[in-house]
Every structure is written in C-alpha cells, then in structure tokens.
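In: Here is a sequence with its predicted model. Questions after.
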There are 2 protein chains.
Amino acid sequence: MHTLRFTDRSTADGILERDFTVGDVTGVLWSPGTGGRRAPLVLLGHGGGTHRKAPAMRGRAERIIAHSGFHVVSIDAPGHGGRPRTDVDEREIAALQAAMAAGEPVGPIVVRYNAHLAERAVPEWRAVLDALQELPEIGADGPVGYLGLNMGTAIGVPLAAVDSRITAAVFGLFWHDPLAETARRVTIPVEFVIQWDDEHIPRPSGLALFDAFGSREKSLHANTGRHKELPRFEADSAVRFFARHLGGGAVTPA
Amino acid sequence: MHTLRFTDRSTADGILERDFTVGDVTGVLWSPGTGGRRAPLVLLGHGGGTHRKAPAMRGRAERIIAHSGFHVVSIDAPGHGGRPRTDVDEREIAALQAAMAAGEPVGPIVVRYNAHLAERAVPEWRAVLDALQELPEIGADGPVGYLGLNMGTAIGVPLAAVDSRITAAVFGLFWHDPLAETARRVTIPVEFVIQWDDEHIPRPSGLALFDAFGSREKSLHANTGRHKELPRFEADSAVRFFARHLGGGAVTPA
C-alpha cells in the first residue's frame, strides 16, 4: 500500500489546496477552510487530454466546497498532467490527433483508448482513496462521491462497479457499447448527463448507457447543444446531487 | 375583456394569498410579503382532477416565492375546483372512472379530454393574464413563466404556442401524439420532465415530445420511477429554472 505524501500547500479564497502523490499518481486535495473539519469526499475524474487542475476541475471543486463544505480530490489520469506516457499512450494520442486532423470520427479511438486507461486508472483511484481515508478529516467510513464526464465516465463507471465506498456518482457524455455491461453492476444513485445534439455520441447510445445503470434511483439530464456545450448549470445540479446523497454540508446555501 | 375581482385575502408565513375571479374563472394569486413589490409572474397549471389550491400548487408557489420572490398564479381548469361541469365534462369523467375501475388504459381518454379542455382553458388563461397585467405589481411588460405537468402540459403547450408573453416554461408527463405539432411552435426555454418507468406514457412518446419543442434551449429531466413518482427535487429544479430565465428574485437563497 502506498502512502500519501503532500508535496505542496496553499490557500486562496478560503480553500486549502494540497498537492500530493500516492506512489506514481499525482493528485490535489481541495478542502474548505483550514482543511481539518471532517466532511464527505468527492472524487473528480477529468476529461481526456486535460489534467487534475484543469479549470473545470477547479471550478467544480470551488462550487462543491462553497455549497457543501466537502473535500474534493482530483488525480491525473495515467499519461496525463505530466505523468509519463507509455508506448500505448503515445500511439493512441497520435491516432487521435491524426483522426482529428483528417476530420474522421474520434469515437472508436476514444472508446478503445479510454478502456485501456480505465484498467490502469481504477487501481490507482482505489489506492488514492485508501490513502486519503487515513486522513482524520476524511476517515475510513465517510461518504464518497464520484464525478466525471467523458474519460472521467470511462474510468468512473468501472471504478464505481468495484468499489463500494463510492455511494453516489455523476457520469455522462460517453458511448453505450463499452460501458453498458459494467453499468448494470452500478446500483448507487446516479445523475447522468447527455447532450441532445452530440456530434460524437449518437443520442440512442447516450440514452442506452443511462438505461443500463442498475441504480434504483437515477436521473438523466439531456440538454440541447453539441458535445462540448454542456450548460454551466449542470455543475450546480451536480453539487446539489452530492449534497442530497452524501449528506452533511450546506455550509453556505447557494 | 373581463375584470379581475379579488374575492378573498389572507396572509400566512409571509405569503399573501388573494383569491380572485376573472369572468367565470376562479383563481388564486400568491405574492411575497404584502404583495406590492413588482416581480416576475409564474402561471401554475394543475393536473387533471385537482384544483388551483391543490397541495402541489401551494407547495410550488411557496418554493418559488421563498427562493425568488415572484408572484404565482393558479387557476381552476374548466370543470375543476368547483367550476360547473358541461355535459362533455361529465361524460369524459365517467369514461375515465369506468376505465380506471376496469383496469383499462386511461391514456386515450385523457388525451382526448385534455385536448378538449385546452381549447376552453387557453382563452381563459389569456384573459386572466390580461387582467393580472393591470396590477402594478405585475405590469404589462414583466417576465412570465408557465409551469404545468400532466393536464397542465396539455393546456400549457398550446398556451405557450400562442401567447408570446410567456418566456420560459416547465412541462412534462404527457403523450407525444396530441402535442408534438404544437410543441414545434414553442421556441422559449423549456425544462421537461418524464418518468423513466411511466406505466401510462411510453418512454419513446415522452422523449419524442421533448424532442418536438422548437426551443433552442431545452433540458430533459428523466427520473426512474412510475408516473406519480416524480422526485420532489424536480420542484426545486423548476424554481431555479425560472430564477435563471425570468431574472430578478433571489430574495432568499435556497
């Protein structure tokens, strides 16, 4: 088992930001105030080609902390955020770039590559969660949520299927085929977003993935717009979803 | 043009409740505080077999007022809430009761009867809105939203299609066939709810009605559960939808 090592620490706008490593994995833990208060934890899984501190990750952490006072952790996926790339990473990234340059569909490459990344990322997330639960402000029995779209869903669905510590999740913006079988084993409350006019993911594929989740309680949010046009108010909806399901919180109503 | 006549008035929990008539139509106007402050207006359309002060209507009004400080109006649909029933009303209500008693599908009767009611109700809503806009606290150019599910959607979609004063609407829980053509002419922002396991409305029918709206900006919220199991958090989502689109408000964050 790998140990959590804090590598950097800063505070801004009432949020404590602590960079850390767990083995080879680089991550960041955002906490309200001075970080010592016991509170639920939300795991953030970033999208393909970005990293643990991408603006969307920081923004979601800020909203969750402002509304609910939870801890929020984001880690770099394998091959992302300065982590070393394998030969597979280099080959798949080159294939993606070639497809984009040629105006060809990226879906088949994303699906294949993200399935590969998920196999590497799921044990990393579990080791990070093991290590974080050693912290008194998180603890071994505190509520844990997961939020990740795109690649964050490709990694998060298999993670939630095997790790029962995760009790609520926000997913979306991914294809049905590679994840449906795994999604059937996910039975926690799920909020799932699709874009109604997604130019990459066919509408029936998104609907089928939502339908596949084994959860008794799940909500689909479909908004007009293309793949990258997810409305900002969905970030607030996710905040409220976690406030409902992870409890505690509501430090500042919003 | 009919005049607004207030028939009763009371205050509780910081909400002014004024019953009124406009011609033969009975309604209730809920307002924050002493009712004099200019604010946007939300129209509430109740479901079949209920009335203007049904718990769901009061509850939605309370949430909208607490969060946004808007005015909220609810009127009795034709043949509802003590308003006289026509021969058609009596016949269709008897048909509905017979179908329910026999365990037969009510959908075809609801669709037919609600289309008939909408023809009577749309001009009534327009007359009520005309009259309310004479009040200084509402005014002729203030933002107006509409919220109605089930029969409230059967009436609200044709209303929104013809009355450009309505600039945002929450609809849902209705069949595609009778409303899709009209929905194409609705271009305002729409939030639309369906129940993923609706035993009355087939899932493809609900999805098709959402798809039919001509709105550039629309959101589908689909939740697991049967027809009557709409989660309570959708009421809060509607409150925030109107706060975003009608502006003003945010008296009390929630």
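Out: Yes, it's here.

In: Just say helix, strand or coil for residue A:191.
Out: Three-state assignment for residue A:191 (DSSP: H, G, I helix; E, B strand; the rest coil): strand.

In: can I assume residue A:7 is in contact with residue A:20?
Out: Yes. Using Cβ atoms under 8 Å, residue A:7 makes contact with residue A:20 at a distance of 6.1 Å. Every residue, glycine included, has its C-beta placed from N, CA and C.

In: tell me the mean pLDDT over stretch A:75-84?
Out: Per-residue pLDDT over stretch A:75-84 has a mean of 97.

In: what's the answer for stretch A:110-122, then?
Out: 97.

In: Quick check: buried residues in stretch A:74-93?
Out: By neighbour count with 16 or more other Cβ atoms under 10 Å in any protein chain shown, stretch A:74-93 contains the buried residues A:74, A:75, A:76, A:77, A:78, A:79, A:80, A:81, A:83, A:89, A:92, A:93.

In: Look up how far residue A:244 lies from the fourth one.
Out: According to Cβ to Cβ, to the nearest Å, residue A:77 and residue A:244 sit 28 Å apart.

In: rewinding a little: sitting in strands, which of the buried residues of stretch A:74-93 do you find?
Out: A:74, A:75 (DSSP state E).

In: And stretch A:14-34, end to end?
Out: For stretch A:14-34, the first-to-last residue distance is 8 Å (Cα to Cα, to the nearest Å).

In: What are the contacting residues of it?
Out: Identification of contacts with stretch A:14-34 by Cβ atoms under 8 Å, 6 or more residues apart in numbering or on different chains yields A:2-11, A:35, A:37, A:39, A:52-53, A:58, A:61-62, A:65, A:69-76, A:81-83, A:124, A:127-128, A:131-132, A:137, A:251.

In: mean confidence for that stretch?
Out: Stretch A:14-34 comes out at a mean pLDDT of 97.

In: Pull the number of nearby residues for the closest residue to chain B within the stretch 1-150 of chain A.
Out: Closest contact between the stretch 1-150 of chain A and chain B, by Cβ to the nearest Cβ, is at residue A:67 (10.2 Å). Using other Cβ atoms under 10 Å in any protein chain shown, the number of residues around residue A:67 comes to 19.

In: wait, it sits on residue A:238?
Out: No. Taking contacts as Cβ under 8 Å, residue A:67 lies outside contact range of residue A:238: 10.2 Å.

In: out of residue A:7 and residue A:20, which sits in the busier spot?
Out: Neighbour totals were compared for residue A:7 and residue A:20, and residue A:20 leads with 21 against 11 (other Cβ under 10 Å).

In: Report the separation between that one and residue B:214.
Out: 50 Å.

In: how about residue A:149, phi and psi?
Out: The phi/psi pair for residue A:149 (degrees, to the nearest 10) reads phi -110, psi 170.

In: Tell me who's in contact with it.
Out: A:47, A:170, A:171, A:172, A:173, A:174, A:193, A:230 are the contacts of residue A:149 under Cβ under 8 Å, 6+ apart.

In: Now with 7 Å, please.
Out: A:47, A:171, A:172, A:173, A:193 (Cβ atoms under 7 Å, 6 or more residues apart in numbering or on different chains).

In: go on, residue A:173?
Out: By Cβ under 7 Å, 6+ apart, the contact list for residue A:173 reads A:149, A:150, A:153, A:193, A:194, A:195, A:201, A:227.

In: ok, and the most crowded of those?
Out: Going by other Cβ under 10 Å, residue A:153 tops these with 29 neighbours.

In: Would you confirm that it contacts residue A:174?
Out: Yes. With contact defined as Cβ atoms under 7 Å, residue A:153 reaches residue A:174; the gap is 4.3 Å.

In: quick one, strands of chain A?
Out: Counting by DSSP E, the strands of chain A are A:4-12, A:15-22, A:25-32, A:41-45, A:71-75, A:144-148, A:166-172, A:190-195, A:218-223.

In: I'd like those laid out as TSV, including distance to residue A:111.
Out: Shown next, in TSV, are the strands of chain A (distance: least, Cβ to Cβ, whole Å):
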stretch	distance to residue A:111
strand A:4-12	33
strand A:15-22	28
strand A:25-32	24
strand A:41-45	16
strand A:71-75	22
strand A:144-148	16
strand A:166-172	15
strand A:190-195	16
strand A:218-223	21
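
In: in the stretch 151-254 of chain A, which spans are helices?
Out: A:151-162, A:180-183, A:203-212, A:233-246 (DSSP state H, counting those that start in this stretch).

In: Pick the most deeply packed of those.
Out: Greatest average neighbour count among the helices of the stretch 151-254 of chain A goes to helix A:151-162 (a mean of 26), per mean count of other Cβ atoms under 10 Å in any protein chain shown.

In: what packs against that one?
Out: If you count contacts as 3 or more Cβ pairs under 7 Å, 6 or more residues apart in numbering or on different chains; DSSP states H and E, helix A:151-162 packs onto strand A:41-45, helix A:107-132, strand A:144-148, strand A:166-172, helix A:180-183.

In: Need the contact partners of the last one.
Out: Judged by Cβ under 7 Å, 6+ apart, the contacts made with helix A:180-183 from elsewhere in the structure are A:157, A:158, A:161, A:208, A:209, A:212, A:213.

In: Equivalent analysis for the fourth one, please.
Out: Contacts made with strand A:166-172 from outside it, assessed by Cβ under 7 Å, 6+ apart, are listed as A:143-149, A:153, A:156-157, A:159-160, A:188-194, A:238, A:241-242, A:245-246.

In: and what of the third one?
Out: Among residues not part of strand A:144-148, those counted as contacts by Cβ under 7 Å, 6+ apart are A:40-45, A:60, A:129, A:155-156, A:159-160, A:165-171, A:238, A:242, A:245-246.

In: Please apply the same query to the first one.
Out: Contacts to strand A:41-45, defined as Cβ under 7 Å, 6+ apart, come from residues A:57, A:60-61, A:64, A:70-74, A:125, A:132, A:138, A:142, A:144-148, A:152, A:155-156, A:242.

In: starting at the chain centroid, how far to that strand?
Out: Offset of strand A:41-45 from its chain centre (Cα atoms, centre = their mean, to the nearest Å): 6 Å.
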